[in-house]
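In: Generate a structure from the sequence data that follows.
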Amino acid sequence: MTDSNASKPNTFFIDDREIDIRDGESIFRAARRLDIKLPHLCYSPKPGYRADGNCRVCMVEIEGERVLAASCIRQPAPGMKVKTSTDRAKTARKMVAELLLTDQPAVEVAHDNDSEFWKTAKRQGVVDGRFPKREREAVPAPDRSHPAMAVNLDACIQCNLCVRACREVQVNDVIGMAGRGHLEKIVFDFDDPMGNSTCVACGECVQACPTGALMPATMVDDNNVYLGKPDRTVDSVCPYCGVGCQLTYQIKNDKIVAVTGKDGPANANRLCVKGRFGFDYVANPQRLLKPMIRKDGVAKVAHEEIDPSNPWTHFREATWEEALDRAAGGLTKIRDRDGPDALAGFGSAKGSNEEAYLFQKLVRTGFGTNNVDHCTRLCHASSVSALLEGVGSAAVTATFNEVKNSDLIIVIGANPTENHPVAATFFKQAAKRGAKLVIMDPRGTAMKRHAWKTMQFKNGTDVAMLNAMLNVIVTEKLYDTQYIQTYVEGFEAWAENIKDFTPEEMEPICGIPADTLREVARAYARAESSIIFWGMGVSQHTHGTDNARCLIALALITGQIGRPGTGLHPLRGQNNVQGASDAGLIPMFFPDYKSVEDPAIRGLYEAKWGVKLPPKRGKTVVEIMDAVHAGEIKGMYVEGENPAMSDPDLNHARQALAHLEHLVVQDLFLTETAMYADVILPASGWPEKDGTVTNTNRQVQMGRAAIPLPGDTRQDLWIIQDIANRMGCGWNYTSVGEVFDEMASMMPALENITWDRVNREYAVTYPTAGPDIPGRDVVFEDGFPRPGGFAKLVATKLQPPNEVPDLEYPFILSTGRQLEHWHTGSMTRRATVLDALEPSAVAQLSRGTIEKLGIRPGDMVKVTTRRGVVELAARQDDAIPDGVVFIPFAYVEAAANLLTNPALDPFGKIPEFKFCAAKVEAVRSRMEAAE
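Out: Numbers count the residues shown, from 1 in each chain. Just a heads-up that it's a prediction; the model follows:
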């Protein structure tokens, strides 16, 4: 015990123990540092939550003060003497617990008798309440209207944690308080049932609730009684978007029953609807459990539909030995007969870094070709091309968490609230604290209500708008001369090209007033720290690389890069698209973006891998399909990809798949691509394997096996190795870590990152300067990985999309993702909650377009392009401009990519998914047609 008279100027005492005062820290938090755990109900000691002090269960006594203090909101003062264990404090806390327990359901029928509330009551020695219960009419009825969450406000103590979770942490503004006195209660929107409200099902309120008033529906029975706590938990990482949220699987009887957020570097405990409620796809009845081989005499027919629940019309079961022999034998036969370039492989961004590395190694060493690619070709290939050219690196220059240090944030061609929801929470929080958020998008996305400026430009005119802003910065001399002289080359020639792009000239092209272009350009250049985020709305164009070049130029000429709160960040779409690209799952690069055409680099890989490697770059996704039609490529191995849904112009792609002599597909389900397979190999789901993934932030994170493999499925990594060995590779990897360490040894970006380190730390950001030094969130502080350390400016010119509207096809078609569904829907449409929330395909149309077509929301429309036609329901979306139709691409029954244009960006080789000419018509019923 320390003598109180000897206190230091900036310390205080808790239970006679001296402790330093830290800026902004409450007594509650300080007590935690002394391992004194005060009870809490209205306060969550989790990232992003402020204390509210309304439940009074954390009361402490302060010497010299008449009343007790709520420790969660009280700040200490020098010399203050706090007592946590006095009779007065303990009695007060016990009384609070007893009062709250009075109106709770009995413990045996509680919605969560393992909740923080029940733990607190037990710790206070309270098992029953002696006060009158509130009258029955004051107790809100149960609400099971939402497929993911059970609402039972009879257990609500009005701690307001769910309100703060919704409004301050996730910034969705759905939950509030209504009523007065003992009739006051939690409400969703205007006291709507939760399932009818604007709730986006992030589940933050469920994770925050301390009583069980809000619960995952999987954790209570039909009578809302708790089903019991999980047997065990396993920490892992989300299998969906590129944000890379860490999570914890709650497991009972070897099944995942719920998911909670973990305090990872990208998500700070937060999850979205997919990460929290999209976990049961691995247990879907359509899961492939045994290898299958196409039946003799059953031909492949383009667009033929096979019931995934009954594949036996076209396939038969096989042993692993027969299936692997057939798979490898068919590939080997084509290689030996027609040469290595008659084969190709599509790897997956849904799997691990180790799988991606081994897959590209198999194609290069076993097949003998560089014809290997994955979905980066369909999402950010143009961004990668521009970044490598301009700054010498394909990864982001700063994590999205850096918005905490940003004064101005540009989000262009991205819809983070739907595609990167957890990242969006940080953007929204930054806007709430006063950062200027600029939303640039042809669609009026949900983020615009948080925006300082919304620039809803005309589809396909990114270069015009961005060059106008660059023109303002150049002509008004708002650029950073010193930074350009030190770190940028080619400025003079580039600046000469930008002179013609005045805001007045560009206004009629892009549709943004010249004054707005000037105002935003000035604000970006003059801000202490500005950062740019972009999505596939920038990259998926025939001029996608030019779009990215303009964004790179904005950052370079203003010096808005290499400092906290600044930089360039293409938001990556899939959970491991960054890692799969880093690992070499692309046709022109070995791992770490080293050119396959450079003899010196190729020699290093030949020495490491012990084989002669092909000297020319391979074909990309769309080029591979063209080569199949041309008879050049005859065999393919597809691991975890679904080109029969994700490729543009699906008529062309599906005909190519049907034309292949030999197709091996490794996946969880009978996907649309697997329907064309000769051999199908049942793979492992993400919760069933160990492996690393790399998110959009450059954070290498550990995924862990949580549940056993079902049926006769096998780990993807070992399937790839087995096929490689049957093709003569002679591999002998014995662990996933062994594969990671070989990969890292060949990738300078991963220097100082080992399997053991990732396993120990859960997440490591690259680059890192030492084995025990944290990785760098911001890079390029003192130059770029290009010759001389200089970044490069590249001039751009205006060019229209490949196909523009005309009299026959007057609409613009754009495609993308939805909040609830991801990629081609092979996983999310087999997740119970996600499919219940968005069960069918829709065409999103403006109010004006719907009125012009003479239909109502929900009526069927026919969307036609020069490549195909789909019919689907119309959904009114006031964010969509007149004359535009937006279709999510996850629905096989109305596959958007039957319509899209396969025209490629000349640099990134990415298709123009975001723009093509279309016709939209009302579908009249057969009865109306007959009349």
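In: where does the stretch 1-150 of the chain have low pLDDT?
Out: Applying pLDDT under 70 to the stretch 1-150 of the chain flags the ranges 1-8.
In: what residue ranges in the stretch 801-931 of the chain score low on pLDDT?
Out: Using pLDDT under 70, the flagged stretches of the stretch 801-931 of the chain are 925-931.
In: The spatially most central residue of the chain and residue 696, how far apart?
Out: Ranked by distance to the mean C-alpha position of the chain (C-alpha atoms, centre = their mean), the top residue is residue 241 at 2.3 Å. The gap separating residue 241 from residue 696 is 8 Å, by C-beta to C-beta, to the nearest Å. In this view, the C-beta of every residue, glycine as well, is placed from N, C-alpha and C.
In: which neighbours do those two share?
Out: With contacts taken as C-beta atoms under 8 Å, 6 or more residues apart in numbering, the residues that reach both residue 241 and residue 696 are 420, 572.
In: Could you find the closest non-adjacent residue to the residue nearest to the centre of the chain?
Out: Taking C-beta to C-beta, 6 or more residues apart in numbering, and ignoring the residues beside it in sequence, residue 241 has residue 420 as its nearest neighbour in space, at 5.6 Å.
In: can you check residue 913 too?
Out: Counting by C-beta to C-beta, 6+ apart, the residue nearest residue 913 is residue 540, at 4.1 Å.
In: Can you get me a residue count around that neighbour?
Out: Using other C-beta atoms under 10 Å, the number of residues around residue 540 comes to 29.
In: ditto for residue 453
Out: Look at residue 453: counted by other C-beta under 10 Å, it has 17 neighbours.
In: Thought residue 439 was touching it, still the case?
Out: Yes - counting by C-beta atoms under 8 Å, residue 453 touches residue 439, with 7.4 Å between them.
In: ok, now which ones touch residue 493?
Out: Per C-beta under 8 Å, 6+ apart, neighbours of residue 493: residue 795.
In: Quickly find the element holding it.
Out: Under the criterion of DSSP states H and E, residue 493 resides in helix 491-498.
In: Which residues belonging to that helix are considered buried?
Out: When burial is assessed from 16 or more other C-beta atoms under 10 Å, helix 491-498 yields the following buried residues: 491, 494, 495, 497, 498.
In: Setting the sequence-adjacent residues aside, check what's closest to the third one.
Out: The shortest distance from residue 495 to any residue that is not its chain neighbour, by C-beta to C-beta, 6+ apart, is 5.1 Å, and that residue is residue 474.
In: which residues does the one you found contact?
Out: With contacts defined as C-beta under 8 Å, 6+ apart, residue 474 is in contact with 495, 498, 499, 557.
In: quick one on the thing from earlier: what's the local residue count around the residue nearest to residue 241?
Out: By other C-beta under 10 Å, neighbour count at residue 420 equals 27.
In: how much space between it and residue 160?
Out: Residue 420 sits 28 Å away from residue 160 when distances are taken as C-beta to C-beta.
In: What of residue 377?
Out: Using C-beta to C-beta, we find residue 377 at a distance of 47 Å from residue 160.
In: Compare these two and say which is more crowded by neighbours.
Out: In this comparison of residue 377 against residue 160, neighbours counted by other C-beta under 10 Å, the higher total goes to residue 377 at 27 against 18.
In: How many neighbouring residues does the nearest residue to the more buried one once chain neighbours are set aside have?
Out: Leaving out its chain neighbours, the residue that sits closest to residue 377 by C-beta to C-beta, 6+ apart is residue 621, at 4.3 Å. A count of nearby residues for residue 621, using other C-beta under 10 Å, gives 26.
In: Okay, residue 621 and residue 915: tell me how far apart.
Out: Computed with C-beta to C-beta, the distance linking residue 621 and residue 915 is 19 Å.
In: For the stretch 501-650 of the chain, which segments count as helices?
Out: Listed in chain order, the helices found in the stretch 501-650 of the chain under DSSP state H, counting those that start in this stretch are 503-510, 514-526, 536-539, 544-558, 577-582, 599-609, 621-629, 643-646, 650-659.
In: Under a three-state scheme, what state does the residue nearest to residue 495 occupy?
Out: With DSSP: H, G, I helix; E, B strand; the rest coil as the basis, the three-state label of residue 474 is helix.
In: So for it, what pLDDT did the model give?
Out: Residue 474 carries a pLDDT value of 98.
In: and residue 121, what element?
Out: Mapping residue 121 onto the secondary structure by DSSP H and E places it in helix 116-123.
In: sorry, back to before: relative to residue 514, how far out is the residue nearest to residue 241?
Out: Distance of residue 420 to residue 514, given as C-beta to C-beta: 31 Å.
In: now the longest helix along the chain, how far from the chain's geometric center?
Out: Ranked by residue count and defined by DSSP state H, the top helix of the chain is helix 320-338. From the chain centre to the centre of helix 320-338 is a distance of 36 Å (C-alpha atoms, centre = their mean, to the nearest Å).
In: Can you name every helix or strand that it contacts?
Out: Contacts defined by 3 or more C-beta pairs under 8 Å, 6 or more residues apart in numbering; DSSP states H and E place helix 320-338 against strand 292-294, strand 343-346, strand 635-639, strand 662-667, strand 679-682, helix 716-726.
In: Mind doing that once more with 6 Å?
Out: strand 679-682, helix 716-726 (3 or more C-beta pairs under 6 Å, 6 or more residues apart in numbering; DSSP states H and E).
In: give me the number of residues near residue 369?
Out: Neighbours of residue 369 (other C-beta under 10 Å): 23.
In: could you list every residue that touches the closest residue to it other than its chain neighbours?
Out: Distances taken as C-beta to C-beta, 6+ apart place residue 340 nearest to residue 369, at 4.2 Å, with adjacent residues excluded. Residues in contact with residue 340, defined by C-beta atoms under 6 Å, 6 or more residues apart in numbering, are 367, 368, 369.
In: what's the answer for residue 205, then?
Out: 162, 165, 166, 214.
In: quick revisit: the helices of the stretch 501-650 of the chain into TSV, with extra columns for distance to residue 15?
Out: Conversion of the helices of the stretch 501-650 of the chain to TSV gives the following (distance: least, C-beta to C-beta, whole Å):
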stretch	distance to residue 15
helix 503-510	65
helix 514-526	52
helix 536-539	56
helix 544-558	53
helix 577-582	49
helix 599-609	61
helix 621-629	65
helix 643-646	61
helix 650-659	69
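In: so which of these comes closest to residue 481?
Out: For those, proximity to residue 481 was assessed by C-beta to C-beta; helix 544-558 is nearest, at 9.5 Å.
In: still on that earlier bit, show me the two of the contacts of residue 205 that sit farthest apart.
Out: When the contacts of residue 205 are compared pair by pair using C-beta to C-beta, the farthest-apart members prove to be 166 and 214, with a separation of 10.4 Å.
In: Between those two, which is the more surrounded one?
Out: With other C-beta under 10 Å as the criterion, residue 166 and residue 214 differ in neighbour count, and residue 214 comes out ahead with 30 against 23.
In: where does the more buried one land on pLDDT?
Out: Turning to residue 214, the model gives it a pLDDT of 98.
In: check contacts around it.
Out: By C-beta under 6 Å, 6+ apart, the contact set of residue 214 is 162, 205, 206.
In: All the helices of the stretch 251-400 of the chain, residue numbers only.
Out: Using DSSP H, counting those that start in this stretch, the helices of the stretch 251-400 of the chain run over 273-277, 320-338, 353-361, 381-391.
In: Give me the contacts around the third one.
Out: Right, helix 353-361. For helix 353-361, with C-beta under 6 Å, 6+ apart as the criterion, the contacting residues are 347, 372, 579-580, 583-585, 639, 691-692, 716-717, 720, 736, 739-740, 743.
In: got it, and the last one?
Out: With contact meaning C-beta under 6 Å, 6+ apart, helix 381-391 is reached by 394, 539, 544-545, 548-549, 552, 570, 784, 791-792, 905, 907-910.
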